[in-house]
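Visitor: got a predicted model here, sequence first, then my questions.
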Number of protein chains: 4
Amino acid sequence: MTTTMISQATVEAENESRLTALRRDYESLGERLSRRGIAIDEIKRKVTAYGVAVPSWGVGTGGTRFARFPGKGEPRNIFDKLEDCAVIQQLTRATPTVSLHIPWDKVSDISELKEKGTSLGLGFDAMNSNTFSDAPGQEHSYKFGSLSHADAATRAQAVEHNLECIEIGRQLGSKALTVWVGDGSNFPGQSNFTRAFERYLDAMKSVYAALPDDWRVYTEHKMFEPAFYSTVVQDWGSNYLIAQELGPKAFCLVDLGHHAPNVNIEMIVARLIQFGKLGGFHFNDSKYGDDDLDTGSIDPYRLFLVFNELVDAETRKAKGFEPAHMLDQSHNVTDPIESLMTSATEVCRAYAQALIVDRQALAGYQDDNDALMASETLKVAFRTDVEPILAMARLESGGAIAPVAAYRKSGYRAKVAAERPAVAGGGGGIV
Amino acid sequence: MTTTMISQATVEAENESRLTALRRDYESLGERLSRRGIAIDEIKRKVTAYGVAVPSWGVGTGGTRFARFPGKGEPRNIFDKLEDCAVIQQLTRATPTVSLHIPWDKVSDISELKEKGTSLGLGFDAMNSNTFSDAPGQEHSYKFGSLSHADAATRAQAVEHNLECIEIGRQLGSKALTVWVGDGSNFPGQSNFTRAFERYLDAMKSVYAALPDDWRVYTEHKMFEPAFYSTVVQDWGSNYLIAQELGPKAFCLVDLGHHAPNVNIEMIVARLIQFGKLGGFHFNDSKYGDDDLDTGSIDPYRLFLVFNELVDAETRKAKGFEPAHMLDQSHNVTDPIESLMTSATEVCRAYAQALIVDRQALAGYQDDNDALMASETLKVAFRTDVEPILAMARLESGGAIAPVAAYRKSGYRAKVAAERPAVAGGGGGIV
Amino acid sequence: MTTTMISQATVEAENESRLTALRRDYESLGERLSRRGIAIDEIKRKVTAYGVAVPSWGVGTGGTRFARFPGKGEPRNIFDKLEDCAVIQQLTRATPTVSLHIPWDKVSDISELKEKGTSLGLGFDAMNSNTFSDAPGQEHSYKFGSLSHADAATRAQAVEHNLECIEIGRQLGSKALTVWVGDGSNFPGQSNFTRAFERYLDAMKSVYAALPDDWRVYTEHKMFEPAFYSTVVQDWGSNYLIAQELGPKAFCLVDLGHHAPNVNIEMIVARLIQFGKLGGFHFNDSKYGDDDLDTGSIDPYRLFLVFNELVDAETRKAKGFEPAHMLDQSHNVTDPIESLMTSATEVCRAYAQALIVDRQALAGYQDDNDALMASETLKVAFRTDVEPILAMARLESGGAIAPVAAYRKSGYRAKVAAERPAVAGGGGGIV
Amino acid sequence: MTTTMISQATVEAENESRLTALRRDYESLGERLSRRGIAIDEIKRKVTAYGVAVPSWGVGTGGTRFARFPGKGEPRNIFDKLEDCAVIQQLTRATPTVSLHIPWDKVSDISELKEKGTSLGLGFDAMNSNTFSDAPGQEHSYKFGSLSHADAATRAQAVEHNLECIEIGRQLGSKALTVWVGDGSNFPGQSNFTRAFERYLDAMKSVYAALPDDWRVYTEHKMFEPAFYSTVVQDWGSNYLIAQELGPKAFCLVDLGHHAPNVNIEMIVARLIQFGKLGGFHFNDSKYGDDDLDTGSIDPYRLFLVFNELVDAETRKAKGFEPAHMLDQSHNVTDPIESLMTSATEVCRAYAQALIVDRQALAGYQDDNDALMASETLKVAFRTDVEPILAMARLESGGAIAPVAAYRKSGYRAKVAAERPAVAGGGGGIV
């Protein structure tokens, strides 16, 4: 039986106060959708079945190179983090799995960790390796790269670390490895692009070779940061080349904040689907760079357009289409639990909105070059306030109609703040 | 015997006044280079052998959607354009070929055109098709696309046009076709990315099938304009997929102004070389978008870094490395002949600077992670004022030490202004 | 009595088919809003009173420098344009005024034009001058600038043109002049930034001096295009300096597409309001540059955030706050009438959504640094589908519940296509 | 008498090996310049008189939010830092002053610090306050802002801190305060732009009031980071408003990496000069955001264009023109001393290149709209390899012909690495 971090009675009491209004709104939305030929319960069913993974590191307060300002009750370790993740899942019922980061989440007893997850009703999503910072006692530094480092021993160490991540994940029931490296350069000339990419590919081939048969590896591209002149896996083009070179278990991960300004991300998603290499997502939002802001907080229409591609692929049963959905955000000014609950909801919202797009009409407008009506077809779906569907899906799965309100009522943050020691803030990486 | 548009006597007189200083500067540069272990004559030899194609459309004054302000003596047709191109080649000795645009340069008698080229000492570079605007009397409009159009007949017409370009080029001695389409969309939803790309690939396969054995096809990507939400070939990732799908005669063309803001273009060049798909360049410069400014006028170091990749590939004899070099600019406020001469010189300059990079030292710094000295190694080469090499190469090939000065002295513009009727300016595409 | 371009009977018949559903939706939305303490009729009242000006040039098909693809029934002159604008106003009841462009809309008999407007129920909004292209027979060319031109006679001619615009506007009942210039440079060094700006300011002072007492002048900034290295009025900082130098009748116009990538436009709007210099807007949308796409088609949340600032200023009765609202778009692939109707509706939508923001709660969250709830407060308003309010406002004012559907039913486009001669497409400004 | 950190004998020995070549190169450059009417000694004199301040924090290895990888011999405190700065000044003779950061450089005995500076031949440049991170024991957190914080007590604390910086600076002989805040927001709605800016202005007025008569205050704008949706002082427009509101001792500081993509920075510099509000610079280079890369390493022509504006203002004796020059970089992969020496040299280089621009010819081309020759006039100056001038200036002032080579020969890094304890690397701000 699943341990709940918040008393279900608290959740139910909170829900009770919102139930009448929700039923009214669900009914009236159902009527409006039915006029468009859409069965609201069918949409709700799909939303209920949907899940997005929570990153273990996301439940701690993030920071910038200038400073980090911790909040109250910061999780001390992966066990605390899992409890925070369990709160998110309990209230949203949309985040059934957690994605770990090694060595941050390394434990001495993996089976204890696995049991903790099981007891909280949480599964383990993709494993994340870390070769972008030096762990204490590490023999070779990643200052000048890891999988693409000029020195073979450093590359071997980075490969070894990824193999360890696979092994931990295997024991936890994970089925995927996500590899993001900070490798790159800060000066023209510092790195030979071609040789560095060759070394990266060679190293990744060793990682790929160790992948269990039913696993996938996701490589992640990023335009800049922490390297500021060039990055080894700088965009989806390089990422695609990697997936192609590695083989059928290798796929590209799309982080919404890792692109050049103005780039049409939904189109990249479409291309990767078309060529069978979309691995999945790190959802977040951004205005300037890899801002890691809350999903849908800056440009919700863009998020919808990404999901429009996903539902399109789902609808036409695109070959090999099975993307992993994960959140990846840095919560610098909010309670991370609140942000992750809200972001999980935003992802569900975009999915629900994409589900109610009239795809038959859309295809007709596209064939007729009726750009205005094609646009309106998407806009009508996006404008639809699907919150009643999301709320009803949560409610019927045992979650909260209003997750943030229920969370605040529960007093969870105050409780863990009393148990977990306060953390001092301080400068970030700059000094 | 080659017809010269400007009297060689004029050129020689102009050169005469600069000869002493040039010799002095060449000698003193030679001494400085020799201290670095570089033989100046060897660099000069390579620069002399180098050539970049001039676009026929470049010798006319360009414009924007807001207006076009023609200059004096605008060329009336491809024969006039060839004469202008001959001036550029005569003075710079760096532009032995011309790249045509069909239907703009279509003629009734192709052999006459070929002879004109021969008489002027000009060869014919890659052919450019045009399916981004409607020619008078054209059956199907390209308003909503060409090679990716939803309508099969429109696609067939666009394919047919490309076949015609190949045929004309075949007769002229060209060996390549460059395909840039304006296809894309202005609204989310207007176009189904996947279906549009499938249609484009299908159509391009028909074009590819008609390619003579010794030809190459260059596809060109562009982020935006004339389509402002999505573009069918939006970036090098999509461009690479096209080249891969088409086959061994298909390559990617890189226009320096067709990328997202901040993108590391030299890295894209390196990736395309590494995977055997770099077709060539449309050189120009830009600050904001596809500004089509004069090559090297905005960010000369970026141009150098691109050539650094080219010379690196040349040095290590990268497999299949044989890129085409073309200028592609819009001259809105200068005499196009002056801009093209200056731009050809800038390309030569970047090439010469890249040639004097101490590659052995650079590789050593890269292996040692000595970022600062690696950067300095490039900077030292870039800082070297190689103008004496370029000027001496021109002089010894029969060109002008100072092409713009010689051109102005020649009175060529006034002469053609007297022959060619004045052209009225006016609005661009907006109204 | 107002002449209607489309039979009201057609409009009413179309409305009739949608009336029951609209009433149902209006009622149910009213209930949901009422739960939040908002009176739906009050919002409707404000939306009804709202209006946005239509640009006369917007009813013609636009183009790019590469091509223009005209549609059917292109308006031949300002009288045709006014009729098209009347259709937009008849169906949307949100566009009571038209903004003219001189010399494009110049007529021999101004009083005839004024009467035409009156008969169609249209007023005349801000006048727009054009010194970015050369009119036939113009003495001095604007190739190298207009109000900032190095040559005094050219500047004087540009000033004179603006005075003429004021005079025409005075006769038409306009109360404002909008000045956008294409002045700038394509090469570092081409222009001395300081001297060019001094000349611009001097010239504008002459224009300002001629402004009637009850007029305003709006200067418009733009980052690039048609100049591609520098622009004389490149951003809101320079625009603010201009307004400050000119005096109390001078204000800054914000075109949503004229900014650098990633710029926070709503913040610029807030700053200009705070310092009493927000003149108004050219609404449109963009992904890359001055794309002039349909308002709200790319990033509807950004449009909402702009209106959030406007309603905030309205609510706190910000001093001197009286912005002009205009659309400014280029319709390259749609029927311009349809795009303008849809865009007017989008502007109304953003206004309505901003009106239902719970500003008291928002201020509280801001004071408490409750970033998540502050964000949610905006998102809740934005997520609300206010279409029933907009439709009801249109209906009750005599417009169409579904303007595009009513327009298509009316056969207006076919009718004018029969009357107005077909226009040939062709290249844009590049050749 | 000044204490030297490196034995002058070492420096002289290193110089000796390069002297002949330098004299040769200086002479030959002098000849080339003299042909253009430029006296090389006059340029050398100006370069010799030029100085740029070094930031105290710059001599430590920087990092990102992902990680920091310290080097050997990291300075432990401001006394160590001053010694490192003295090395830079000893070898380059271009960095006579140091800019401090409080509280990072806070000491118990200010006079001791001042004496240390004097003994090393270093003066104290602008003081930098820090209200973007929390110092240990600080009463109010800056998590949600400092000078613009919603809470009055937090603002007062931030003001108080700035007053303390002024007081420390006063005792050290500094004459300026630089204020950069990280205040902003991560979510639309989190902050009310107008009220936040009002609070900021109010707080800054209190700081301004405490400024000694002969001091200046520099406010610094930045587009994003650490706030990722909005920043209180986001661009030069807001920065100008601040300087204007505060008074005649308030000026705008331009950091080259704090702008939106594609922005024309040299134009902003020109505008601030024209309106008497250019305070000075934080020099560095960037490709993507506030990358804080080494000055001139990414786009040296842009740096030159900035100096072109400065020399233009100097030449025309622009009113109130007296900008402060400082470096501000983050050295993540290089020895900070080497980077700062190289960057100081790059700044001198840009200055020297700008000095040899033929300004009379340039003005003529500008008046004649001869864009091509205007561009070439700048390019000719930029292409000139002025290294012999810089090296001769250093040599004659007692510095090193080749600072990095001399530094490496000196063994300084190894020496301090033996004295200063090793610092562990680790994560940055994210976890």
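Guide: Thanks, I have the structure now.
Visitor: do you know the pLDDT at the residue sitting furthest away from the middle of chain A?
Guide: Relative to the average C-alpha location in chain A, and by CA atoms, centre = their mean, no residue lies farther out than A:Asp368, which sits at 36.7 Å. As summarised for this prediction, A:Asp368 has a pLDDT of 98.
Visitor: wait, A:Ala324 sits on A:Asp125?
Guide: Yes: contact status for A:Ala324 versus A:Asp125: in contact at 7.0 Å, counting by CB atoms under 8 Å. Quick note: C-beta positions are derived from backbone N, CA and C, even for glycine.
Visitor: mutual contacts of those two, please.
Guide: Overlap between the contact sets of A:Ala324 and A:Asp125, as judged by CB atoms under 8 Å, 6 or more residues apart in numbering or on different chains, is given by A:53, A:176.
Visitor: neighbour count: those two, which is higher?
Guide: When A:Ala324 is set against A:Asp125 and neighbours are counted by other CB atoms under 10 Å in any protein chain shown, the residue ahead is A:Asp125, at 29 against 22.
Visitor: list the contacts of that one.
Guide: Going by CB under 8 Å, 6+ apart, A:Asp125 touches A:53, A:97-99, A:174, A:176, A:324, A:326.
Visitor: next one: A:Gln329
Guide: Contact partners of A:Gln329, counting by CB under 8 Å, 6+ apart, are A:55, A:58, A:62, A:283-284, A:292-295, A:339-340, A:343.
Visitor: which of those residues fall in strands?
Guide: Secondary structure assignment (DSSP state E) places A:55, A:283 from the contacts of A:Gln329 within strands.
Visitor: can you redo the contacts of A:Gln329 as CSV with distance to C:Ala243 and neighbour count?
Guide: Conversion of the contacts of A:Gln329 to CSV gives the following (distance: CB to CB, whole Å; neighbours: other CB atoms under 10 Å in any protein chain shown):
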residue, distance to C:Ala243, neighbour count
A:Pro55, 47, 25
A:Gly58, 45, 29
A:Gly62, 40, 22
A:Phe283, 42, 26
A:Asn284, 38, 27
A:Asp292, 38, 26
A:Leu293, 33, 27
A:Asp294, 36, 26
A:Thr295, 39, 28
A:Ser339, 40, 30
A:Leu340, 45, 29
A:Ser343, 41, 29
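Visitor: in chain A, which spans are strands?
Guide: In chain order, chain A shows strands spanning A:54-55, A:97-99, A:101-102, A:123-124, A:127-129, A:176-179, A:184-185, A:216-220, A:230-231, A:250-255, A:278-283, A:324-327, with DSSP E as the criterion.
Visitor: and the ones you listed, which is most packed in?
Guide: Looking across the strands of chain A with neighbours counted as mean count of other CB atoms under 10 Å in any protein chain shown, the highest average goes to strand A:54-55: a mean of 30.
Visitor: rewinding a little: kindly reformat the strands of chain A as TSV containing distance to chain D and mean pLDDT.
Guide: As requested, these are exported to TSV (distance: least, CB to the nearest CB, whole Å; pLDDT from 0 to 100):
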stretch	distance to chain D	mean pLDDT
strand A:54-55	11	98
strand A:97-99	14	98
strand A:101-102	9	97
strand A:123-124	19	98
strand A:127-129	12	98
strand A:176-179	15	98
strand A:184-185	8	98
strand A:216-220	13	98
strand A:230-231	9	98
strand A:250-255	14	98
strand A:278-283	14	98
strand A:324-327	15	98
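Visitor: adding distance to C:Phe187, write these out as CSV.
Guide: CSV is the format used below for the strands of chain A (distance: least, CB to CB, whole Å):
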stretch, distance to C:Phe187
strand A:54-55, 48
strand A:97-99, 51
strand A:101-102, 50
strand A:123-124, 58
strand A:127-129, 48
strand A:176-179, 45
strand A:184-185, 31
strand A:216-220, 40
strand A:230-231, 28
strand A:250-255, 38
strand A:278-283, 42
strand A:324-327, 47
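Visitor: tally of neighbours for the residue in the stretch 1-150 of chain A positioned nearest to chain D?
Guide: The minimum distance from the stretch 1-150 of chain A to chain D, using CB to the nearest CB, falls at A:Gly63 (3.0 Å). Close neighbours of A:Gly63, defined as other CB under 10 Å, add up to 26.
Visitor: check A:Asp358 too.
Guide: Other residues within reach of A:Asp358 by the criterion other CB under 10 Å amount to 16.
Visitor: on that earlier part again, mind checking how far the residue of the stretch 1-150 of chain A closest to chain D is from C:Lys106?
Guide: From A:Gly63 over to C:Lys106 the distance is 60 Å, taken as CB to CB, to the nearest Å.
Visitor: if we can go back for a sec, and the strands of chain A: which comes nearest D:Val404?
Guide: Between D:Val404 and these, the shortest separation by CB to CB is 18.7 Å, and it involves strand A:184-185.
Visitor: other SSEs contacting that closest one?
Guide: strand A:230-231 (3 or more CB pairs under 8 Å, 6 or more residues apart in numbering or on different chains; DSSP states H and E).
Visitor: and the strand it packs on, how far from the chain's centre?
Guide: Its chain's C-alpha centre and that of strand A:230-231 lie 23 Å apart, by CA atoms, centre = their mean, to the nearest Å.
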